[in-house]
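Visitor: got a sequence here, can you model it:
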Amino acid sequence: MSSQPSPPPYQGPPGGPQYPQYQQSPPPQYYQPGPAPQPVPYVESGAPQAPGGGHPPYLPPGAYTPAPPPPPRGGRGAKVAIATILSVVLLAAVGAVVLFKFVLKGGPDPAESFPASASMYMELNLDPSFDQTPKLLEHLSKFEDLDYDSTDDLLADLLEESGLEGVDAEKDLSSWLGGRHGLAMWEHDGQPYAVVSLASTDAGAAEDGLAKLRAAAGVDEDQMAYTVEDDHVLMVVGETGAAAALDAAKSEAGSDPLSASASYEEARGWLDGDQLAVYWVDMDAVGELAELTGEDADVFSQFYSGQLIAGFSAFDEGFELTYRLFGGEDDPWTGSEDLLAGMGELPAADVAATAYIPENIGDLTSEWLDAYEGLYGVDDYAEPVMPTGDPLTADEYAEYLELQTGYYNATLTAEEETRYLELDERYWMAGTEEDPWVDDYDYGPDTEEIEAMVTSFTDLLAGANLSFAGDFDAEEGMNPESLLVSAHLAEDRAADLQALVEESLAGGDATLPEGVTAEGSEISYTGSETASGTLAEDPRFSDFAAVAPEQSALAVWVDLAAAGETYPDDFQGAEALSAFAWAHGSDGGDGTGVLRLYLAD
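Guide: Sure, this is the predicted structure:
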């Protein structure tokens, strides 16, 4: 039996999904940048079957095993989960309507209704006076089934899909919802809560609608509490104590609202112009929430700190997301003023990416590795895991297969189910006497070897500019002959980098392709079918380059129109997509970035 020291995967409730069958693809003949081929799990003939005849694949140690959640048990916990989900679904539905509905009335600033100590805040806003609304209507009309002249019934349709029994979405919800809404995560008395503010145009209808919503969720005021004002509704959802939390939230917001918080005001003031959606996070407060859930907040704080603000809006040719991290420390990805100009000189390929590697990448990588080891216990990675328990005898294995049929058909008695789970654990941890578990898996290099290899690469790449460009291919994913890959190093050590790459590939199927050149400070490969012209000649790219951070450290370009032509089946209904672009850099020591989704004319 193949190695399987990881915990036994959950077999799933009756009627669970089938495990897919896999076919081995031919190994690549030479190195190609991009996603690596996926491993193909071995399937043993006669192994226990999932419902419908699929086989659970044997996976190497530490591999991720997708598993469906256990069947619901009912009770208060399930109802609380439903209430929480419904509050988020409600807000998400309202957010979707923001993209479609143009006759909603506005509402008060939701940030005025939230406590300043909130850890996360999201606002969705559609004011009829927005310059954004006609752009949204125009953009969305380019997609199939999204050409709306009147959208009064859209919110009701969206909410109807939530399947709330006893709730008429149009009468009980959309009839009173306004156009400005917010959601916050907030800690009170040692418990996390979701706080929701919904603009309201009819207080009486809102009162009736929320009462039906709470009844449909099967919860009480202790888990979902709300108050209805003249122009908005404030709702608090939590495991318990929601009513007391609601009173506390109203009290704190009255004297110290989020809208008046210095950190929020600074972050919100940075966003330029009207925004359809605003997302703000206090990373330090999120770390405190992590402690409430038993997570390691110290490790969290090593990666995240400060305030994050992001805004979503429409521009003439599509949609834009801008963000900035107001951190206590300077963003390490300082970037370069020449990054986008250099990217514009790349071939006008379907996909392009460029990056400036900071000079202190070695120190940064060392810090990340230390934090990763603390979080995931990488020190134990290379230690073999021994099988647990005794292998199943031939009779026990036959019994196991018979019980499994009853387990998936939900016909086992409690005693039979206990016996099945015992045999199941032993099978996955020890195999059978005929095919026992054997530790024959190659664990690869240990932690020290990995760190040594990473250090060798970072020493060479510190201060380097990296570039990539290539075209889509329907059969191979990326046409290898269209690739351009280059690294311009800070020192004349290109030959050293080539030797290191070849060493890292030694023993595998991949090799560097013929045509790689390494001279002085530059190592590069240029295929025989690289795209003609340059990215700078594409007006979409030039438009994006003009709004990218001046100091950009990383930029990505994807021609979605070309992807649609190459993979038409995957883009049915989305032919309006034209291009995606992202650039990240720094501004005054803060990390900042822009993402744009371009649509066809």
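Visitor: so where's the chain uncertain?
Guide: Within the chain, the ranges that satisfy pLDDT under 70 run 1-109, 126-130, 133, 137, 146-164, 286-305, 328-329, 368, 370-388, 439-445.
Visitor: mind checking how far Ala260 is from Lys250?
Guide: Ala260 is 15 Å from Lys250, where distance means Cβ to Cβ, to the nearest Å. For the C-beta atoms, the positions are set from N, CA and C on the backbone; glycine is no exception.
Visitor: so for the two, which residue has more residues nearby?
Guide: Using other Cβ atoms under 10 Å as the criterion, Ala260 and Lys250 rank with Lys250 on top: 16 against 13.
Visitor: was I right to think the more buried one contacts Thr227?
Guide: Yes. Counting by Cβ atoms under 8 Å, Lys250 touches Thr227, with 6.9 Å between them.
Visitor: which residues are common contacts for those two?
Guide: Residues touching both Lys250 and Thr227 (Cβ atoms under 8 Å, 6 or more residues apart in numbering) are Leu234.
Visitor: Ala506 - how many residues pack around it?
Guide: For Ala506, the count of nearby residues is 9 (other Cβ under 10 Å).
Visitor: what of Ser504?
Guide: Going by other Cβ under 10 Å, the residues that sit close to Ser504 add up to 13.
Visitor: same question for the one 3 residues further on.
Guide: Under the neighbour criterion other Cβ under 10 Å, Gly507 is assigned a count of 6.
Visitor: now do the one 3 residues further on
Guide: Neighbour count for Ala510, taken as other Cβ under 10 Å: 16.
Visitor: what separation do you get for it and Ile523?
Guide: As judged by Cβ to Cβ, Ala510 and Ile523 stand 17 Å apart.
Visitor: what of Glu229?
Guide: Distance, Glu229 to Ile523, using Cβ to Cβ: 64 Å.
Visitor: who has more neighbours, the two?
Guide: Ile523 (24 against 14).
Visitor: please name the bridge partners of the more buried one.
Guide: Ala487, Ala518 (DSSP bridges).
Visitor: please renumber the chain so that the first residue is 12 from this point on.
Guide: From this message on, residue numbering opens at 12, which makes the last subject Ile534.
Visitor: quick one, what contacts it?
Guide: Shown in contact with Ile534 (Cβ under 8 Å, 6+ apart): 497-498, 500, 505-506, 508-509, 527-528.
Visitor: ok, now which ones touch Gln143?
Guide: Gln143 touches 137, 285, 287, 324-325, counting by Cβ under 8 Å, 6+ apart.
Visitor: most neighbours, which of those residues?
Guide: Leu137 (29 neighbours).
Visitor: neighbours around Ala278, how many?
Guide: Ala278: 23 neighbours (other Cβ under 10 Å).
Visitor: Leu245 now?
Guide: Residues near Leu245, counting by other Cβ under 10 Å, number 21.
Visitor: so it sits against Leu257, correct?
Guide: Yes. If you go by Cβ under 8 Å, Leu245 and Leu257 touch, sitting 6.9 Å apart.
Visitor: any shared contact partners between those two?
Guide: Listed as contacting both Leu245 and Leu257 by Cβ under 8 Å, 6+ apart are 237-238.
Visitor: now the phi/psi pair for Gly531, please.
Guide: For Gly531, the backbone dihedrals are phi 60, psi -120 (criterion: degrees, to the nearest 10).
Visitor: let me fix that, I meant to ask about Ser262.
Guide: Main-chain dihedrals, Ser262, degrees, to the nearest 10: phi -70, psi -50.
Visitor: and it, how far from Ala271?
Guide: 15 Å.
Visitor: cool, Glu426 as well?
Guide: Taking Cβ to Cβ as the measure, Glu426 falls 63 Å from Ala271.
Visitor: ok, now Met235?
Guide: Distance, Met235 to Ala271, by Cβ to Cβ: 27 Å.
Visitor: which of the contacts of Ile534 are buried? Put it as a ChimeraX command.
Guide: Applied in ChimeraX, the following selects the buried portion of the contacts of Ile534 according to 16 or more other Cβ atoms under 10 Å:
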select :497,498,500,505,508,509,527
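Visitor: which one of the contacts of Ile534 is nearest Asp231?
Guide: Nearest to Asp231 out of those is Ala498 (Cβ to Cβ; 61.6 Å).
Visitor: and the gap between Asp267 and Pro126?
Guide: Counting by Cβ to Cβ, the gap from Asp267 to Pro126 is 7 Å.
Visitor: looking at those two, which is more packed in?
Guide: Pro126 (22 against 12).
Visitor: just give the closest residue to the more buried one, not the sequence neighbours.
Guide: Among residues not flanking Pro126 along the chain, Glu263 sits closest, at 3.8 Å (Cβ to Cβ, 6 or more residues apart in numbering).
Visitor: verify the contact between that neighbour and Ser128 for me.
Guide: Yes. At 6.7 Å, Glu263 and Ser128 qualify as touching, with contact defined as Cβ under 8 Å.
Visitor: where along the stretch 412-561 of the chain do the strands fall?
Guide: Assigned by DSSP state E, counting those that start in this stretch, the stretch 412-561 of the chain shows strands spanning 476-481, 483-484, 488-489, 495-499, 528-530, 533-537.
Visitor: so which of those strands gets nearest Trp439?
Guide: For Trp439, the closest of the strands of the stretch 412-561 of the chain is strand 488-489, at 34.0 Å, according to Cβ to Cβ.
Visitor: partners of that closest one, with directions?
Guide: Strand pairing for strand 488-489, determined by DSSP bridges: strand 483-484 (antiparallel).
Visitor: ok, now how distant is Glu348 from Ala228?
Guide: According to Cβ to Cβ, Glu348 and Ala228 sit 53 Å apart.
Visitor: neighbour count: those two, which is higher?
Guide: Counted by other Cβ under 10 Å, Glu348 and Ala228 do not tie: Ala228 has more neighbours, with 22 against 12.
Visitor: need phi/psi at the more buried one.
Guide: The phi/psi pair for Ala228 (degrees, to the nearest 10) is phi -80, psi -20.
Visitor: how near is it to Met246?
Guide: According to Cβ to Cβ, Ala228 stands 11 Å off from Met246.
Visitor: and for Glu433?
Guide: Using Cβ to Cβ, we find Glu433 at a distance of 46 Å from Met246.
Visitor: out of the two, which sits in the more crowded spot?
Guide: The residue with more neighbours, out of Glu433 and Met246, is Met246; 25 against 14, by other Cβ under 10 Å.
Visitor: identify the bridge partners of the more buried one.
Guide: Counting by DSSP bridges, the residues bridging with Met246 are Val207, Tyr237.
Visitor: next, the closest residue to Asp327 other than its chain neighbours: secondary structure please.
Guide: Excluding its sequence neighbours, the residue lying closest to Asp327 (Cβ to Cβ, 6+ apart) is Lys146, at 6.9 Å. Per DSSP: H, G, I helix; E, B strand; the rest coil, the secondary structure class of Lys146 is helix.
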